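> sharing a model that was predicted from the sequence below.
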Amino acid sequence: MIYMGVECAHWKEYDSIGGPVNFCELAAFGKKLTPQELNLIGCTAEKRQACSTVMEMNVGAAAVPLAVPAPPPTSCDLPKTVAATSVGVAEKKATSPLFTLLVLGILAGCYIALAGALSTVVTNDLAKFVGDGMSRLISGMVFSLGLILVVIGGAELFTGNTLMVTGWLEGKITGRQLVRNWTIVYIANFLGSILLAWLFFGSGIWKLNGDMVGVKAILTANAKVNLTWTEALVRGILCNWLVCLAVWLASATKDGISKIFAIVFPVTAFVACGFEHSIANMYFIPFAIFLKGQAAVLAAAAPALGTTPAGVATALANLNWGSFLIKNLIPVTIGNIIGGAFFVGAFYWSVFLRPSWKSPRLLLAGATLGRIFSSLFN
């Protein structure tokens, strides 16, 4: 193009949605050129002024040159990046103040308990309409609320914090820091769960649908305290394997919607399959123990328990604090640690961060796990 006798050698016309757009090709270099570089390509001051004048006449003074297109953002981090992120998160959690861990731990216990309460209300009589399998599926989907609140809202959940083992294996935190976090958060989760069990009991919501919400709560808890020790432990392993995978996948995502989807499917799977979550059980079983004093609920539960109102006490013999702690909470907690720390944290760390099975800490972790399984099945 020639303007006032000056040839604009670096002028070019581009097609756009709004029609042709002209701009000086100089902008396509993607950086500010020095006067020497401009003169070297023939863009003298006179030519640049002429090109600028023509551009203002054609597309306006406020026209913005086309920018060099940025590479499209990735939808999620690679597994190796997630493993490194897990180590960084472990470092931060290991140095969190006591007050922070207590408050966020209590909130996490409340969030999981709220999800448990929602699940009980939604499914109290659902199976007779849609069948057992679909009822379990829906129960798992609504229970996902708990981990969504923990991950996106921000809270400290013991089962998710088993992933801190990556920081210990990497040598970024000490065993003492790991145990400190787990202990404080576990106690705080218990306080939050008990608080919600007490509040939900006081709300009277369990009286809905002719006390069937309360019946559902009792049946759920009674099944948990009647598992064998091995069953409770193995279900705890499988549960937290899925829960920590949900946390792992959520940490790889870039936006809230993706985090929710990453959480929902693994959590739905563990609930639908009947696996055991220690923090959830801190709500389910104490709440049912509170309900044992309600004669109307016990009478309504008798047919489902296969007994008469007079025989309900015998059918619920294991629904007490001792059985809760010894037959359920202890084995499930151990299982949750194994499922999260070993099958997710340690395995991914060994592959992506230090792929050597000769690591002393990994060998120690493997030996400990071996002794646990040996004592159970031999």
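Structure received. Source: prediction; values computed, not measured.

> now do the strands in this protein.
Secondary structure of the chain (DSSP state E): strands at 2-3, 6-7, 11-16, 19-24.

> so for the second one, mean pLDDT?
So the one you mean is strand 6-7. In this model, strand 6-7 carries a mean pLDDT of 52.

> go on, the first one?
Strand 2-3 shows a mean pLDDT of 47.

> same check, this time on the last one
Per-residue pLDDT values across strand 19-24 average out to 48.

> any weak-confidence spans in the stretch 51-200 of the chain?
Residues of the stretch 51-200 of the chain that meet the criterion pLDDT under 70 lie in 51-74.

> break this protein down into its structural domains.
Domains of the chain are assigned by automatic domain parsing as 2-59, 79-377.

> what's the burial count for Phe265?
Neighbourhood size, Phe265 [other C-beta atoms under 10 Å]: 15. C-betas here are computed from N, CA, C, even on glycine.

> now the nearest residue to it once chain neighbours are set aside: how far from Ala45?
Spatially, and ignoring its direct neighbours in sequence, Phe265 is nearest to Ala246 (7.8 Å; C-beta to C-beta, 6 or more residues apart in numbering). Counting by C-beta to C-beta, to the nearest Å, the gap from Ala246 to Ala45 is 62 Å.

> quick one, which of these two is more surrounded?
Ranked by neighbour count (other C-beta under 10 Å), Ala246 and Ala45 place Ala246 first, with 26 against 10.

> now do the contacts for the more buried one.
Each residue near Ala246 by C-beta atoms under 8 Å, 6 or more residues apart in numbering is listed here: 147, 262-263, 265-267.

> most neighbours among these, which one is it?
Neighbour counts for these, by other C-beta under 10 Å, peak at Leu147, which reaches 29 neighbours.

> now do the contacts for that residue.
Contact partners of Leu147, counting by C-beta under 8 Å, 6+ apart, are 112, 115, 157, 160, 243, 246-247, 263, 267.

> can you redo these as a markdown table, where the extra columns are distance to Gly105?
As requested, the contacts of Leu147 are exported to a markdown table (distance: C-beta to C-beta, whole Å):
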| residue | distance to Gly105 |
| --- | --- |
| Ile112 | 11 |
| Ala115 | 16 |
| Leu157 | 8 |
| Gly160 | 11 |
| Val243 | 16 |
| Ala246 | 19 |
| Val247 | 16 |
| Ile263 | 19 |
| Val267 | 19 |
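
> closest to Pro35 among these?
Val247 (55.4 Å; C-beta to C-beta).

> measure that closest one to Phe200 for me?
Distance of Val247 to Phe200, computed by C-beta to C-beta: 26 Å.

> okay, these two: which has more neighbours?
Val247 (27 against 22).

> check contacts around the more buried one.
Shown in contact with Val247 (C-beta under 8 Å, 6+ apart): 147, 151, 160, 163, 263.

> you'd agree the third one is up against Gly340?
Yes - using C-beta atoms under 8 Å, Gly160 and Gly340 qualify as a contacting pair, with a distance of 7.4 Å.

> between these two, what contacts are shared?
Counting by C-beta under 8 Å, 6+ apart, the contacts common to Gly160 and Gly340 are 243-244.
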